[in-house]
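Undergrad: Fold the stuff below for me.
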Amino acid sequence: MSDNQAEQPDSQGGHTSNHGSTDNHEQLDNKSSKHPNNPRVVGNSSQDLERQPLLSPDDPGVSPLNVSNVKISKFILNGFAFLSTIWFILLLLSDFVSIPGLNNKGRSFLEINFIMISIYAALTTLLFFKIPSQFERLLGYITGGIIGFIILLLLIFQREEMGLIGSLSVIWAFVTIIFTSFSEYLVEQGKIHEEIRLTGRVETRKTLSEWVIIFLRNIFKVFLLVYVVFISLNVLLHIFDVLRVKPWGEKVYVEDDGFRLHLSCYGDVSSNGSSSQPILLLESGHNSNEDFSEWVEELHHLNKVDRYCIYDRPGYGFSDSSPSPVSISIVSELLAEALRSKKINGPFLLIGYDIGGLYSTVFASHNTAQVQSMLLVDSWHEDLLLKDPNSRAKKDEKSLPPGIDSMSSGAGFKLWIRGLFSPLGLSAQSSWIFKHRGSKDRIYGRNMYTQGKYLRARLQEQISASILSYNEVISAKSSLVDIPISVVSSDFVIKKSLNWGNWQRELTKISSATKEWKIADGGHEIWKSPKGRDDLQDVLLRMLE
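TA: Next up, the predicted model:
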């Protein structure tokens with residue numbers, strides 16, 4: 001064949017090379033047509049391709065972001081991060097104000113933790129997005145598998161408590177983590193594709209900076225995996241607890257069947273005849289009513305108390321969580337609604353301990369016709385609802401008495417931090433590993449404070465304390481001037497704080513019909529001291545005479 005024949009144009013409009021056949025030219029032309037947007041390819045001819053030099057693997061142009069599906073996956077990841085952030089803000093705001101649809105019966109801090117996991121997973125994947133890691137992808141799939149296991153457990157055992165918002169939060173975290181791992185796979189494949197196309201081979205070596213980035217990303221994903229493992233163990237423990245300990249009494253729907261209050265009554269509470277004793281209605285402090293009612297239960301078993309009722313405030317014990325805001329007046333109305341629905345009409349002798357004394361005060365003012373008398377057991381004064389109660393007291397004391405919780409902004413922030421990390425279950429797990437505590441302790445006993453639902457209820461109470469609840473208690477006092485009241489105070493707490501003694505004295509002046517002020521022997525939890533329990537029971541029996 002002559003040289004002129006060798007240089008004859010082919011049917012595709014290109015030029016045949018002296019170094020290859022017509023078939024090779026067709027393959028090169030087809031390859032160039034598959035990458036029309038490649039900025040390095042200036043023509044469509046095989047000669048142009050052959051003149052295009054191979055790039056160095058370190059050239060910025062060799063990037064997986066040149067591949068369209070990698071670009072799309074990055075865009076979707078940014079969408080996950082953005083939507084998760086909006087979701088996080090809405091969940092955060094719902095602890096302060098009521099947002100329709102953002103409350104579920106078992107609402108705690110678990111939902112916001114799963115949204116935080118979604119944000120973390122999306123952002124750590126977007127960080128140094130172009131550098132893939134097979135180990136990081138494996139960690140993501142394992143983490144997603146564990147969250148899938150959590151979803152299965154919650155849907156089987158806690159479906160009603162989780163509700164729509166809780167279930168969607170967990171599923172969203174699962175989808176986010178699985179997609180982050182899938183996007184990392186796309187980045188790896190895109191990187192291989194671009195290296196072959198632009199450098200002619202797959203680059204296996206990595207620079208020192210790339211190894212550092214891979215190490216950091218792996219550390220981030222290991223941290224996420226450990227975090228999810230702790231949450232899954234806590235979910236397992238909580239499900240174990242709720243399956244072992246069933247609520248006695250009833251869980252009564254309130255607020256248009258929005259959630260349930262746990263109400264438990266003993267004796268014939270349906271009778272309201274004049275010959276019957278009043279129904280003792282107990283209000284605990286920041287402990288549970290199951291704990292506080294021990295001394296009354298003893299009198300009931302001795303046939304000295306005919307009938308009494310206890311209940312759990314929203315978020316406490318067996319009761320569901322309440323939407324925000326939550327104030328003393330709102331909770332008192334919920335209790336009245338639950339009693340009406342069970343046709344328990346009184347008359348009532350209210351017994352309020354700690355902050356429960358303020359709840360009893362407001363309940364009495366709203367239901368004066370049904371309230372016969374009231375017993376305040378080392379009760380709070382309304383000034384304790386303020387951020388700095390000692391500023392209004394006679395004595396300039398730097399701290400509150402032992403056992404009294406502060407309603408300051410700092411205390412509220414600590415509650416929020418404790419709640420935010422409560423799904424990890426560190427305190428709950430240590431309660432049975434090191435202290436050998438049981439399910440009852442965690443649900444309504446001395447370790448109830450480890451539950452996210454309880455901590456959220458405390459946070460709601462703290463948020464509204466000085467804004468709503470304080471004014472509600474002040475307004476309620478004017479309605480109680482004729483209700484017989486007895487006050488029992490701890491001698492130990494009075495000795496520790498003179499302000500506490502002044503506050504207790506002011507409680508005796510709520511009514512013009514105050515019957516007795518007893519200084520009992522014991523700490524703030526008076527009934528836990530043998531002498532204090534006797535004093536407390538004696539005062540109650542005198543009120544029943």
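Undergrad: mind listing the helices for the stretch 401-545 of the chain?
TA: In the stretch 401-545 of the chain, the helices defined using DSSP state H, counting those that start in this stretch lie at 409-420, 426-433, 439-443, 452-464, 470-477, 491-496, 498-507, 530-544.
Undergrad: tilt between the second one and helix 409-420?
TA: Read that as helix 426-433. For helix 426-433 against helix 409-420, the angle by axes from the mean of the first three to the mean of the last three C-alpha atoms, to 10 degrees is 60 degrees.
Undergrad: Please spell out which residues along helix 426-433 are buried.
TA: Neighbour counts using 16 or more other C-beta atoms under 10 Å place 427-428, 431-432 of helix 426-433 among the buried residues. Placement of C-beta: from N, CA and C, glycine included.
Undergrad: same deal with the first one?
TA: Taking 16+ other C-beta under 10 Å as the basis for neighbour counts, the residues of helix 409-420 that come out buried are 411-412, 415-416, 418-420.
Undergrad: nearest to residue 163, of the residues you listed?
TA: residue 419 (18.4 Å; C-beta to C-beta).
Undergrad: Check whether the closest one really touches residue 450, as I assumed.
TA: No - look at residue 419 against residue 450 with C-beta atoms under 8 Å: they stay out of range, at 10.5 Å.
Undergrad: on that earlier part again, make CSV out of the buried residues of helix 409-420 and add pLDDT and distance to residue 246.
TA: CSV is the format used below for those (pLDDT from 0 to 100; distance: C-beta to C-beta, whole Å):
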residue, pLDDT, distance to residue 246
411, 93, 33
412, 93, 33
415, 94, 28
416, 95, 31
418, 95, 27
419, 95, 26
420, 94, 29
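Undergrad: Among these, which one sits closest to residue 126?
TA: residue 420 (23.4 Å).
Undergrad: contacting residues around that closest one?
TA: Residues near residue 420 by C-beta atoms under 8 Å, 6 or more residues apart in numbering: 109, 112-113.
Undergrad: List the contacts of the spatially most central residue of the chain.
TA: Closest residue to the average C-alpha location of the chain: residue 109 at 0.5 Å, with C-alpha atoms, centre = their mean. Residues in contact with residue 109 (C-beta under 8 Å, 6+ apart) are 419-423, 452, 455-456.
Undergrad: cutoff 10 Å now
TA: Shown in contact with residue 109 (C-beta atoms under 10 Å, 6 or more residues apart in numbering): 91, 95, 116, 416, 418-424, 451-453, 455-456, 459.
Undergrad: Could you measure from it over to residue 528?
TA: Separation of residue 109 from residue 528 (C-beta to C-beta, to the nearest Å): 30 Å.
Undergrad: Repeat that for residue 210.
TA: Taking C-beta to C-beta as the measure, residue 210 and residue 528 are separated by 63 Å.
Undergrad: possible to save the buried residues of helix 409-420 as CSV with distance to residue 512?
TA: Output for those, formatted as CSV (distance: C-beta to C-beta, whole Å):
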residue, distance to residue 512
411, 35
412, 36
415, 38
416, 42
418, 43
419, 43
420, 47
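Undergrad: which of these lies closest to residue 300?
TA: Closest to residue 300, out of all of the buried residues of helix 409-420 and judged by C-beta to C-beta, is residue 415, at 34.2 Å.
Undergrad: for the stretch 101-250 of the chain, what spans make up the helices?
TA: With DSSP H, counting those that start in this stretch as the definition, the stretch 101-250 of the chain shows helices at residue ranges 110-126, 134-157, 159-199, 208-244.
Undergrad: Give the burial count for the spatially closest residue to residue 405 that is not a sequence neighbour, as a bare number.
TA: Nearest non-adjacent residue to residue 405, counting by C-beta to C-beta, 6 or more residues apart in numbering: residue 286, 5.9 Å away. The tally of other residues near residue 286 (other C-beta atoms under 10 Å) stands at 19.
Undergrad: Can you tell me the SS state at residue 286?
TA: Going by DSSP: H, G, I helix; E, B strand; the rest coil, the secondary structure assigned to residue 286 is coil.
Undergrad: okay, it: pLDDT?
TA: With respect to pLDDT, residue 286 scores 94.
Undergrad: Save the helices of the stretch 401-545 of the chain as a markdown table, and put in distance to residue 83 too.
TA: Formatted as a markdown table, these follow (distance: least, C-beta to C-beta, whole Å):
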| stretch | distance to residue 83 |
| --- | --- |
| helix 409-420 | 21 |
| helix 426-433 | 30 |
| helix 439-443 | 34 |
| helix 452-464 | 23 |
| helix 470-477 | 38 |
| helix 491-496 | 50 |
| helix 498-507 | 49 |
| helix 530-544 | 54 |
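Undergrad: what's the closest of these to residue 156?
TA: Nearest of the helices of the stretch 401-545 of the chain (C-beta to C-beta): helix 439-443, 18.5 Å.
Undergrad: For that closest one, name the packing helices and strands.
TA: Applying 3 or more C-beta pairs under 10 Å, 6 or more residues apart in numbering; DSSP states H and E, we find helix 439-443 packed against helix 208-244, helix 426-433.
Undergrad: List the buried residues in the longest one.
TA: Put plainly, it is helix 208-244. 213-214, 217, 220-221, 224-225, 227-228, 230-232, 234-235, 237-238, 241-242.
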